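S.K.: Sequence first, predicted model second:
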There are 2 protein chains.
Amino acid sequence: MKPTIYDVAKKANVSISTVSKVLNNTGSISEKTKKKIWDVIDELQYQPSLVLSAKKALKTIGVLIPDISNPFMAEVTRAIEDSGRKKGFSVIICSTDNDSTKEEEYISMLKQKYVDGIIVATGLKNSRGIRELIESDMPVVMLSRDVPYLPVDTVVVDDFQGGYEAAVHLVQLGHRKVAMIAENINIPSIKKRIDGFKEGLQISGIPIEDTPILYSSLNLNECKEVCLDLLKDKENRPTAIFVSTEMLAFGVLQAARTLKIQVPNQLSLIGFDNSILAKLCDPQLTTIAQPIEEMGAKVIELLVNEITNNQERAKKVTQRVTLSPFLIVRDSTSPIS
Amino acid sequence: MKPTIYDVAKKANVSISTVSKVLNNTGSISEKTKKKIWDVIDELQYQPSLVLSAKKALKTIGVLIPDISNPFMAEVTRAIEDSGRKKGFSVIICSTDNDSTKEEEYISMLKQKYVDGIIVATGLKNSRGIRELIESDMPVVMLSRDVPYLPVDTVVVDDFQGGYEAAVHLVQLGHRKVAMIAENINIPSIKKRIDGFKEGLQISGIPIEDTPILYSSLNLNECKEVCLDLLKDKENRPTAIFVSTEMLAFGVLQAARTLKIQVPNQLSLIGFDNSILAKLCDPQLTTIAQPIEEMGAKVIELLVNEITNNQERAKKVTQRVTLSPFLIVRDSTSPIS
DNA sequence: TTGAAAGCGCTACCAA
DNA sequence: TTGGTAGCGCTTTCAA
């Protein structure tokens, strides 16, 4: 059986209060007693169980994400985990598949259990579960996701700006016939990348009517097909493509290879995220990078603040932090020849 | 403030014991009282807090893995999460980077907090922390990792068999000059893949002295360099390569493209894992698949059994489950021409 | 069918 | 400097 504070107290011939005090470094205890108690603690390999101590938080947070097995999300989760650990927080993962039933199940599970706060990085739906969660007194921070009209701390990456910069980069390289392949217009952040891209083109004097915006799921073959369709007309095909997410870049590259179109010489390609996939592309992918580490750090900072202030019942002023994405030039884009 | 069982009892004009009974469906309570109490529970949106109930487990497990941001591990974690959720367990992730300090930190954190069990899928070291963990009364299951001489439930994939089957596949396609690129011989599972590969060649009458086994970290450029070196001698280069992990396949493919060697026509390539990366390769990667879902299911099954039996103080008979990997033929291997 | 009360391991307050 | 004890929210046993 795991030793309890009582075991320690008995063995050290003191009361449990005294043991508690040395554990928490409160009150004043003689050095001698302290030492004795620590010795016993070592001997018994005693580990205080935070669980039953009621007052003490468990220092655990839940992270709702669409799918931990998506490489980009795994990287974001890792960033959250790292920042959390520095402040003593553990991370429970909850892959929702953007399914509102799972979402609600997980939320209820987390609340019931013990978590001190929740990070919501889940996709598209403005589900009832999320609303209720926000309105409850559970500390919540949204990541890469907007919930209009509700007071929640939020960390987002400026998707519009990202799309804009992708456009500007391509235009600066001389591209005029460009296209975009996007994951799903139902996801607000994707929508913004599209809008930003269009804006960037327009500002540069490129008529967006001539700019195809195509859609594909993350399924490789689907993306490849879509892209083959786009590229097969040799005369009119675009000289550059922007994909809303790096996974799609692989579909484009496969299509290009099938058609013997060289990247970047005959076709420039730019992505979004800067996950490990960008480096796995051949050629390595020029991309709009999301500041993954900063996202993790910021979201944890806000959440921990909330958790702390919650206890103090402080007035709640919500914050919204927008981080800028930035261009990383690798080998998949080149000046038009 | 979150409502407690007392709030419910007061509002329903019953005692807390009665409420507790209807919550847990124990004892015998009149339908009428039951209904009344459930109504109040709904009204108050009461959620029992498992934390302080002492007897009830928190139904949370910790997973020690090298790095959640590695795509294959993220997929394994997802499988664990899914199987766990079906039994009501949440998953806390602990990325150790195979660093024994982090490992011990996490273990101590997990024990102190609340977890009912721990899955250890961490890399190479036979660290003190792990030993102590196993010897403690915390339920533990090892995944893809051996700890000799210690009684622990274990789930492994037969790496030797996997290497063997990779060799056989290549030989059956007519390859005689083959090579292998492996991640790191210090990891036992990689070592076994190498051994199995050699065995498969030897059985097929291929002299392993002529079979280069090269090493590379997961760094893409390093792998590419290693591979360029291997392939640059046009006369003597292998016609097939086995990589110990799919990440390395990208390095090989990049090297091959650099040298204008066509895959699979001039060079066959076979990987190990069957993560999403296999489908991202171009051509799609023939690979030795690890049964990811079954790994997750089995490891959870064993762990939950241990957790249950632990309570019953049943005699502990440890199990070791070996799952078979299996070949998936895609487009990166072809008969020698 | 219901309720009173002990106890889970710990912290924090007050008294000694 | 130390210890006694109430109380955290809940389950469980025993009695009513």
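M.R.: Alright, I've got the coordinates. Numbers count the residues shown, from 1 in each chain, chains lettered A, B, ... in the order given.
S.K.: how distant is stretch A:139-158 from the center of its chain?
M.R.: When distances are taken as C-alpha atoms, centre = their mean, to the nearest Å, stretch A:139-158 is centred 12 Å away from the chain's centroid.
S.K.: And residue A:86, how close does it get to residue A:294?
M.R.: 14 Å (C-beta to C-beta, to the nearest Å). To be clear about C-beta, it is placed using only N, CA and C from the backbone, and glycine gets the same treatment.
S.K.: quick one: which of these two has more around it?
M.R.: Applying other C-beta atoms under 10 Å in any protein chain shown to residue A:86 and residue A:294 shows that residue A:294 carries more neighbours, namely 16 against 10.
S.K.: Dump whatever helix or strand that one lives in to CSV, keeping only the CA atoms.
M.R.: Per DSSP states H and E: residue A:294 is located in helix A:292-312. Presented in CSV, the C-alpha positions along helix A:292-312 are these (Å, rounded to 0.1, in the frame of the first residue of the first chain):
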residue,chain,number,x,y,z
ILE,A,292,3.9,26.8,-33.1
GLU,A,293,6.0,27.3,-30.0
GLU,A,294,4.7,30.7,-29.3
MET,A,295,1.1,29.5,-29.7
GLY,A,296,1.8,26.8,-27.1
ALA,A,297,3.5,29.3,-24.8
LYS,A,298,0.8,32.0,-25.1
VAL,A,299,-2.1,29.7,-24.7
ILE,A,300,-0.7,28.2,-21.6
GLU,A,301,0.2,31.6,-20.2
LEU,A,302,-3.4,32.8,-20.7
LEU,A,303,-4.9,29.7,-19.2
VAL,A,304,-2.7,29.6,-16.2
ASN,A,305,-3.5,33.2,-15.6
GLU,A,306,-7.2,32.4,-15.7
ILE,A,307,-6.8,29.5,-13.4
THR,A,308,-5.0,31.7,-10.9
ASN,A,309,-7.3,34.6,-11.2
ASN,A,310,-10.3,32.4,-11.0
GLN,A,311,-9.3,31.5,-7.5
GLU,A,312,-8.9,35.1,-6.6
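S.K.: Distance from the chain centre to the helix or strand following that helix, please.
M.R.: The helix or strand immediately downstream of helix A:292-312 is strand A:320-323, counting by DSSP H and E. Centroid displacement of strand A:320-323 relative to its chain, using C-alpha atoms, centre = their mean, is 13 Å.
S.K.: Now do the buried residues in the helix holding residue A:294.
M.R.: A:292, A:294-307, A:310 (16 or more other C-beta atoms under 10 Å in any protein chain shown).
S.K.: Check stretch A:12-20 too.
M.R.: A:12, A:14, A:18-20.
S.K.: ok, and which of those residues reach DNA strand D?
M.R.: Filtering these for neighbours of DNA strand D using C-beta under 7 Å from any atom of the strand leaves A:14, A:18.
S.K.: Strands - which of the buried residues of stretch A:12-20 land there?
M.R.: Of the buried residues of stretch A:12-20, none are assigned to strands by DSSP state E.
S.K.: about what we covered before: which one among the buried residues of helix A:292-312 gets closest to residue A:190?
M.R.: Relative to residue A:190, the closest of these is residue A:295; by C-beta to C-beta it sits at 17.0 Å.
S.K.: residue contacts, that closest one?
M.R.: Residue A:295 makes contact with A:76, A:79, A:143-144, A:155, A:157, A:323 under the criterion C-beta atoms under 8 Å, 6 or more residues apart in numbering or on different chains.
S.K.: Export those residues to JSON lines and append columns for secondary structure.
M.R.: Output for those, formatted as JSON lines (DSSP: H, G, I helix; E, B strand; the rest coil):
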{"residue": "A:76", "secondary structure": "helix"}
{"residue": "A:79", "secondary structure": "helix"}
{"residue": "A:143", "secondary structure": "strand"}
{"residue": "A:144", "secondary structure": "coil"}
{"residue": "A:155", "secondary structure": "strand"}
{"residue": "A:157", "secondary structure": "strand"}
{"residue": "A:323", "secondary structure": "strand"}
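S.K.: And the residue of chain A found nearest DNA strand D, how far from DNA strand C?
M.R.: Nearest to DNA strand D, among the residues of chain A, is residue A:28, at 2.4 Å (C-beta to the nearest atom of the strand). From residue A:28 across to DNA strand C, the span is 10 Å (C-beta to the nearest atom of the strand, to the nearest Å).
S.K.: Quick check: phi and psi on that residue?
M.R.: phi -130, psi 130 (degrees, to the nearest 10).
S.K.: per-residue confidence at it?
M.R.: Reading off the confidence values, residue A:28 has pLDDT 85.
S.K.: Give me the number of neighbouring residues for it.
M.R.: Residue A:28 has 5 nearby residues by other C-beta under 10 Å.
S.K.: got the residue ranges for the helices in the stretch 101-250 of chain A?
M.R.: A:128-135, A:159-172, A:188-203, A:220-231, A:246-258 (DSSP state H, counting those that start in this stretch).
S.K.: got the contact list for the fourth one?
M.R.: The one in question is helix A:220-231. With C-beta under 8 Å, 6+ apart, helix A:220-231 has contacts from A:179, A:181, A:212, A:214-217, A:237-238, A:241, A:247-248, A:250-252, A:254-256, A:258-259, A:261, A:267, B:279-280.
S.K.: Quick one: mean pLDDT for that helix?
M.R.: pLDDT averaged over helix A:220-231 gives 95.
S.K.: next one: the last one
M.R.: The pLDDT scores in helix A:246-258 average 96.
S.K.: With stretch A:150-167 instead?
M.R.: 95.
S.K.: Can you give me the end-to-end span of it?
M.R.: This stretch, stretch A:150-167, spans 32 Å end to end (C-alpha to C-alpha, to the nearest Å).
S.K.: Sort out which residues of that stretch are buried, please.
M.R.: Going by 16+ other C-beta under 10 Å, stretch A:150-167 has these buried residues: A:152-167.
S.K.: next one: stretch A:330-337
M.R.: Buried residues in stretch A:330-337, counting neighbours by 16+ other C-beta under 10 Å, are found at A:330, A:332-334.
S.K.: In chain A, what residue comes closest to DNA strand C?
M.R.: residue A:5 (2.8 Å).
S.K.: show me what contacts that residue?
M.R.: Applying C-beta under 8 Å, 6+ apart to residue A:5 gives the contacts A:16, A:19-20, A:23, A:46, A:48.
S.K.: Residues of the stretch 51-200 of chain A that sit close to chain B?
M.R.: With C-beta under 8 Å from any C-beta of the partner chain as the criterion, the stretch 51-200 of chain A meets chain B at residues A:51-52, A:54, A:58-60, A:62, A:67-71, A:74-75, A:77-78, A:81-82, A:85, A:88, A:90-95, A:105, A:108-114, A:137.
S.K.: Residue ranges in the stretch 51-200 of chain A under the pLDDT threshold?
M.R.: The stretch 51-200 of chain A contains residues with pLDDT under 70 at A:51-56, A:123-126.
S.K.: ranges for the strands of it?
M.R.: For the stretch 51-200 of chain A, applying DSSP state E, counting those that start in this stretch gives strands covering A:60-65, A:90-95, A:117-120, A:140-143, A:153-157, A:178-182.
S.K.: hang on, residue A:288 in a strand?
M.R.: Yes: counting by three-state DSSP, residue A:288 is found in a strand.
S.K.: pLDDT weak spots in the stretch 201-337 of chain A?
M.R.: Those would be A:310-316, if you go by pLDDT under 70 across the stretch 201-337 of chain A.
S.K.: need the residues of it near DNA strand D, please.
M.R.: So the stretch 201-337 of chain A never meets DNA strand D (C-beta under 7 Å from any atom of the strand).
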